[in-house]
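K.L.:
Sequence first, predicted model second:
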Amino acid sequence: MRILVTGGAGFIGAHLVRRLLAKEHNHVVNLDALRYSGNLENLTDVAGHPRYRFVHGDICESRTVEKALKEHGLEAVINCAAETHVDRSILDPNSFARTDVIGTAVLLEEARKAGVARFLQVSTDEVYGSVETGWSKEDDAIAPRSPYSASKAGADLLAQSYWTTFGFPVLITRGSNTYGPNQYPEKFIPLCITNALDDQPLPLYGDGRYRRDWLSVFDHCGAIEHVLRHGAPGSIYNIGGGNERENLTVAETILKYLGKPMSLIRFVQDRPGHDRRYAVDCSRLPTLGWAPTVPFEEGLRATVDWYRNHEAWWRKIKSGEFRSYYERMYQQRLKDGTGCAS
């Protein structure tokens with residue numbers, strides 16, 4: 001299959017590109033605008049691959065998308081391109097609306113006109129909103145509560161409309177919190193790991209008891225590929241790891257693995273509208289023959305080891321644009337925060 005992966009220099013996108021190229025007959029075109037979290041160093045091992053091409057471009061630009069689809073004769077699109085961090089969406093909602101909603105609209109229309117056979121929209125469990133009890137099912141109403149999740153919900157609705165209105169073969173996956181190597185260190189797990197390696201505080205919002213279902217990036221990409229090939233057009237598939245944990249527990253486990261003191265944990269002022277819990281019912285996806293394979297403790301330890309062994313990768317990031325963002329988000333919060341009692 002000839003596949004366009006948008007946002008292929010990002011965290012999930014890069015792992016997906018690598019996975020797709022490992023299959024003998026796939027050709028992959030990576031379209032990425034290389035904004036702050038897009039990093040071609042994530043793909044140095046496949047940069048010269050004969051079945052891989054990189055296109056530097058923005059999914060919001062129709063001509064760029066049209067050209068990529070036509071020049072490479074692409075049969076499928078996997079849209080991983082997105083602004084994804086809730087904290088940043090609070091600081092700059094407009095950029096999220098532009099990339100996640102307008103960008104998806106451009107991709108859908110150009111892919112439809114090009115006769116693309118499969119279009120997979122990579123979404124998030126956050127579109128369901130905070131789930132106090134039970135688990136969100138694919139047919140549940142969406143109730144996003146942050147600019148990020150609202151922009152992803154808008155993209156999902158656009159994708160569904162293309163199936164209903166045009167019969168365009170759209171698929172949607174809604175993955176739970178994903179972790180693993182090469183994740184930009186603004187996200188919770190790599191932030192905790194890299195801060196702990198430097199003996200710096202680990203900032204936890206509120207009481208630290210926000211709950212997430214953690215999914216290995218290797219399992220997430222495996223599920224995306226499986227849905228692309230076997231999913232029913234017009235359908236939504238939740239992807240979860242079955243590893244629901246409190247953030248506090250995850251931070252403590254990371255410190256334990258690194259042999260660092262629990263006193264590094266700092267409870268800080270919560271962010272606005274913070275969703276207490278995400279949890280998805282994943283019973284639909286196993287009917288396609290897919291299930292997660294990476295136990296959380298095993299995957300988390302391997303992730304800790306990766307960051308410990310790839311210091312040059314994350315130090316370069318944390319010394320650049322990330323520094324001003326981090327100080328804006330956490331500097332005052334850490335001054336006012338408290339330590340962990342455990």
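P.N.:
Noted; the coordinates are in hand. Numbers count the residues shown, from 1 in each chain.

K.L.:
quick one: the helices in the chain?
P.N.:
11-21, 62-71, 86-91, 93-96, 103-114, 147-166, 188-197, 217-230, 247-258, 296-309, 311-318, 321-336 (DSSP state H).

K.L.:
Report the mean per-residue pLDDT for the first one.
P.N.:
Spelled out, that is helix 11-21. In this model, helix 11-21 has an average pLDDT of 98.

K.L.:
tell me the angle of that helix relative to helix 188-197?
P.N.:
The directions of helix 11-21 and helix 188-197 differ by 110 degrees, with axes from the mean of the first three to the mean of the last three C-alpha atoms, to 10 degrees as the criterion.

K.L.:
ok, Tyr307 touching Cys192?
P.N.:
No - in this structure Tyr307 lies outside contact range of Cys192 using C-beta atoms under 8 Å: 9.8 Å. All C-beta atoms are positioned from the backbone trio N, CA, C, and that covers glycine.

K.L.:
Looking at these two, which is more packed in?
P.N.:
More crowded of Tyr307 and Cys192, by other C-beta atoms under 10 Å: Cys192, with 27 against 23.

K.L.:
got the contact list for that one?
P.N.:
If you count contacts by C-beta atoms under 8 Å, 6 or more residues apart in numbering, Cys192 has them with Leu202, Val250, Ala251, Ile254, Leu255.

K.L.:
pLDDT score assigned to it?
P.N.:
According to the prediction, Cys192 has pLDDT 98.

K.L.:
And for Ala341?
P.N.:
The confidence metric pLDDT takes the value 50 at Ala341.

K.L.:
Not counting its neighbours along the chain, what's nearest Pro181?
P.N.:
If you skip the residues right next to it in sequence, Pro181 has Trp306 as its closest partner in space, 4.2 Å away by C-beta to C-beta, 6 or more residues apart in numbering.

K.L.:
Quickly note the distance from the one you found to His15.
P.N.:
Here Trp306 is placed at a distance of 12 Å from His15 (C-beta to C-beta, to the nearest Å).

K.L.:
which neighbours do these two share?
P.N.:
Joint contacts of Trp306 and His15 (C-beta under 8 Å, 6+ apart) are Gly180, Pro181.

K.L.:
More neighbours: which of those two?
P.N.:
Neighbours around Trp306 and His15, counted as other C-beta under 10 Å, are more numerous at His15. The numbers are 26 against 17.

K.L.:
Contacts only, for that one.
P.N.:
Under the criterion of C-beta under 8 Å, 6+ apart, the contact partners of His15 comprise Gly180, Pro181, Asn182, Val217, Phe218, His220, Cys221.

K.L.:
tell me which of the residues you listed is nearest to Leu300?
P.N.:
Within those, proximity to Leu300 (C-beta to C-beta) peaks at Gly180, which comes in at 9.4 Å.

K.L.:
That closest one: what's it in contact with?
P.N.:
Gly180 makes contacts with Phe11, His15, Ser216, Val217, Phe218, Gly299, Thr303, Trp306, as judged by C-beta under 8 Å, 6+ apart.

K.L.:
Sort out which one of these lies nearest Leu91 for me.
P.N.:
Using C-beta to C-beta, the shortest approach to Leu91 within the contacts of Gly180 belongs to Phe11, at 19.7 Å.

K.L.:
close enough to count as contact, that closest one and Leu43?
P.N.:
No - distance between Phe11 and Leu43: 11.6 Å, which falls outside the contact criterion (C-beta under 8 Å).

K.L.:
Give me the more crowded residue out of those two.
P.N.:
Phe11 (25 against 22).

K.L.:
which residues does that one contact?
P.N.:
With contacts taken as C-beta under 8 Å, 6+ apart, Phe11 has the following neighbours: Ser37, Asn42, Thr178, Gly180, Asn182, Gln183, Tyr184, Lys187, Val217.

K.L.:
Switch these over to TSV; also include pLDDT and distance to Glu71.
P.N.:
As requested, the contacts of Phe11 are exported to TSV (pLDDT from 0 to 100; distance: C-beta to C-beta, whole Å):
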residue	pLDDT	distance to Glu71
Ser37	91	26
Asn42	97	24
Thr178	98	31
Gly180	98	32
Asn182	98	28
Gln183	97	31
Tyr184	95	30
Lys187	96	34
Val217	98	29
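
K.L.:
between those, which is nearest Arg88?
P.N.:
Ser37 (9.5 Å).

K.L.:
ok, that closest one to Glu109 distance?
P.N.:
From Ser37 across to Glu109, the span is 26 Å (C-beta to C-beta).

K.L.:
higher neighbour count, these two?
P.N.:
Applying other C-beta under 10 Å to Ser37 and Glu109 shows that Ser37 carries more neighbours, namely 25 against 17.

K.L.:
out of everything not next to it in sequence, what's closest to the more buried one?
P.N.:
Spatially, and ignoring its direct neighbours in sequence, Ser37 is nearest to Tyr184 (4.3 Å; C-beta to C-beta, 6+ apart).

K.L.:
Give me the pLDDT value at Asp336.
P.N.:
At Asp336, the pLDDT value in this model is 88.
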